[in-house]
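[1] need a 3D model of the following:
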Amino acid sequence: MIRDHNSIPAIPFRQALVIPGVLEFSVALFFAKLVCYTFLFCLPDYVHSIKIGGQSYNSEKSADIATFYDIGGIVGSIICGFLADRTNCNAIVCVIFQLLSVPLLVIYYSYGGVSMVAQTGTMLILGFFSNGPYALITTAVSADLGTSEVVRGNAQALALCPQ
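    Just a heads-up that it's a prediction; the model follows:
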């Protein structure tokens, strides 16, 4: 028997918010995205505005230097996902990575301009710890929430439409 998916109503937005973990991970994703997009758009301009090892760089070179943040984020996303799979503790891995990124922001601000090695090194490490949770929340955690008992068997529940 083929079910008509249109006959199954989508769950209301308020009901989706009470699914265990949705609100918490939504807030975590908001802040993870805020950090990642802030770095994506502002980091090249910041690098352009500071002296690294006593030298200033033009906009093009600053954008090239800022890609080290993205490279760290790629590696961090892979490692974060690996750790989440091994430990089966997505939330704990996200919290640890996000907590470690906070002092790294201070270290980057304080020591990133000392030399090019310090700049690229702190950028790699910061990207590693700040992009990992972002990737984990948008993939594995979303899949976990989508297979929750509340929405199991209701494909329409995955497309949250307010009633």
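
[2] how about residue 113, secondary structure?
    coil (DSSP: H, G, I helix; E, B strand; the rest coil).

[3] what's the burial count for it?
    18 (other C-beta atoms under 10 Å). C-beta: built from backbone N, CA, C; applies to glycine.

[4] what ranges does the chain have for its strands?
    Assigned by DSSP state E, the chain shows no strands.

[5] mind checking which residue lies nearest the centre of it?
    Nearest to the mean C-alpha position of the chain, by C-alpha atoms, centre = their mean, lies residue 134 at 1.5 Å.

[6] that residue and residue 66: what is the separation?
    Using C-beta to C-beta, to the nearest Å, one obtains 17 Å as the distance from residue 134 to residue 66.

[7] my read: the residue nearest to the centre of the chain touches residue 37, true?
    No - when contacts are counted by C-beta atoms under 8 Å, residue 134 is not listed as touching residue 37 (9.4 Å).

[8] what residues sit buried inside stretch 91-100?
    91, 93-94, 96-98 (16 or more other C-beta atoms under 10 Å).

[9] do the same with stretch 27-42
    Buried positions in stretch 27-42, judged by neighbour count with 16+ other C-beta under 10 Å: 28-29, 32, 35-36, 39.

[10] and for residue 115, the neighbour number?
    Quick note: residue 115 (other C-beta under 10 Å) scores 14 neighbours.

[11] give the closest residue to it in space, chain neighbours not counted.
    Once flanking residues are discounted, residue 115 sits nearest to residue 53: 4.4 Å by C-beta to C-beta, 6 or more residues apart in numbering.

[12] now the one you found: how far from residue 66?
    16 Å.

[13] which one's more surrounded, the two?
    Higher neighbour count among residue 53 and residue 66: residue 66, with 22 against 11, using other C-beta under 10 Å.

[14] hmm, residue 126 and that one touching each other?
    No - applying C-beta under 8 Å, one finds residue 66 not in contact with residue 126, separated by 11.2 Å.

[15] show me the common contact partners of these two, please.
    Common neighbours of residue 66 and residue 126 (criterion: C-beta atoms under 8 Å, 6 or more residues apart in numbering): residue 39.

[16] any weak-confidence spans in the protein?
    Across the chain, the ranges flagged by pLDDT under 70 are 1-11, 141-142, 144-146, 148, 150-163.

[17] redo that, cut-off 50
    Low-confidence segments of the chain (pLDDT under 50): 1, 161-163.
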